[in-house]
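> how would this look folded up:
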Amino acid sequence: MPSIMSAGRHGRTLAIGVDAGGTWVRAMALEDGRPLRRVRVPARRVPDLRSFVLGLGGGSRPAALVVASKGIWTPGERARLRRRLRGLARRVVVIPDVEAALLGALGDGPGLLILSGTGSIVLGRDARGRWARAGGLGPLLGDEGSAFWLGRAWLRLAAQAGDPASTLAGVRSPDAVRRVAALAPSVLRRARRGDRRARAIAAEAQEHLAAFAADVSRRLGLDTPVDVSWAGSVMADDAFRRGVARALARADLPARWHPPAVEPVEAAARLAAKLACRGRGRER
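You can find the predicted model right below:
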């Protein structure tokens, strides 16, 4: 595995950000705030996050480590992962991966992130730093508007129109969620080509995401037009994203759309660098 911890030389400050997603685990090191090295490894090759971070190199101990992880949200979940990572840096911070995505997309300002990849969630932050979310409950309880949701809706139609046994055979594998989500690009292509069934599925997905966004904006009391950005493979589809924008307008939520400024891993690394600088200031 490539080394990332060859920094900390000559008194310089090393900060590391990790984006532990479901498909890829990414890491970025900053030395005195400047990019030093990036690593990307398939998530299936990272069974243990602590071992991954330890294996990034064998040099200096980072001043700060920020891990943006999938599957965590509550204070208890954050604390459990932080305990597992204790000692890897002088300061260890754990945040949800979607929080890093919002920081990367919109920086420190208020606004909304609409994320639709394998799963889906809308995360918002107001000018006082309060957070709110909608969705993100996983494939069993939610993930409306996600790649999994799109693929499942298409399979339901296929099962109703043909042989249910052949459809079920494709979803009874250990990686069923990934396999169902992998159908989403095909559904979106069909929708762009005018397939009536695929267009109806895509439109419903867009309405779900817009409803999540309107709910979060209302709970936070965000001023309009709301700054909105996006993340995830489904929202990266230009035609699908335009449909979400139209659905937001129908939901009476004026929005100002912004392309993501930086990737989540870079946002995590920048946050680590800020924490490292604060710690250095206290030490002095």
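> What's the first helix or strand after the helix or strand harbouring Val94?
Element membership of Val94 [criterion: DSSP states H and E] is strand 91-96. Towards the C-terminus, the helix or strand next in line after strand 91-96, according to DSSP H and E, is helix 97-106.
> count of neighbours near Val228?
Counted with other C-beta atoms under 10 Å, the neighbours of Val228 add up to 26. Heads up, the C-betas are built off the backbone N, CA and C, glycines and all.
> and what of Arg193?
Arg193 - counted by other C-beta under 10 Å - has 9 other residues nearby.
> gap between it and Leu150?
Using C-beta to C-beta, to the nearest Å, one obtains 15 Å as the distance from Arg193 to Leu150.
> Which other helices and strands does the strand holding Val94 contact?
Applying 3 or more C-beta pairs under 8 Å, 6 or more residues apart in numbering; DSSP states H and E, one finds that strand 91-96 contacts strand 64-69, helix 75-84, helix 264-283.
> Excluding covalently adjacent residues, which one is nearest to the residue nearest to the spatial centre of the chain?
The central residue of the chain, meaning the one whose C-alpha is nearest the mean C-alpha position (C-alpha atoms, centre = their mean), is Val98 at 3.9 Å. Spatial nearest neighbour of Val98, chain neighbours left out: Leu123 (4.9 Å); criterion: C-beta to C-beta, 6 or more residues apart in numbering.
> right, and that neighbour touches Pro110 too?
No. With contact taken as C-beta atoms under 8 Å, Leu123 and Pro110 are classed as non-touching, separated by 11.7 Å.
> Please identify which of the two sits among more neighbours.
A side-by-side neighbour count of Leu123 and Pro110, using other C-beta under 10 Å, places Leu123 first with 26 against 19.
> what's across from the more buried one in the sheet?
Beta-bridge pairing of Leu123, defined through DSSP bridges, involves Leu113, Arg133.
> Could you measure from it over to Arg37?
Taking C-beta to C-beta as the criterion, Leu123 is separated from Arg37 by 28 Å.
> Now do the helices in the stretch 151-284 of the chain.
164-169, 176-181, 184-192, 196-220, 238-250, 264-283 (DSSP state H, counting those that start in this stretch).
> which residues touch the strand holding Val94?
With C-beta atoms under 8 Å, 6 or more residues apart in numbering as the test, strand 91-96 has contacts from 63-70, 72-73, 78-79, 81-82, 85-86, 123, 268, 271-272, 275-276, 279.
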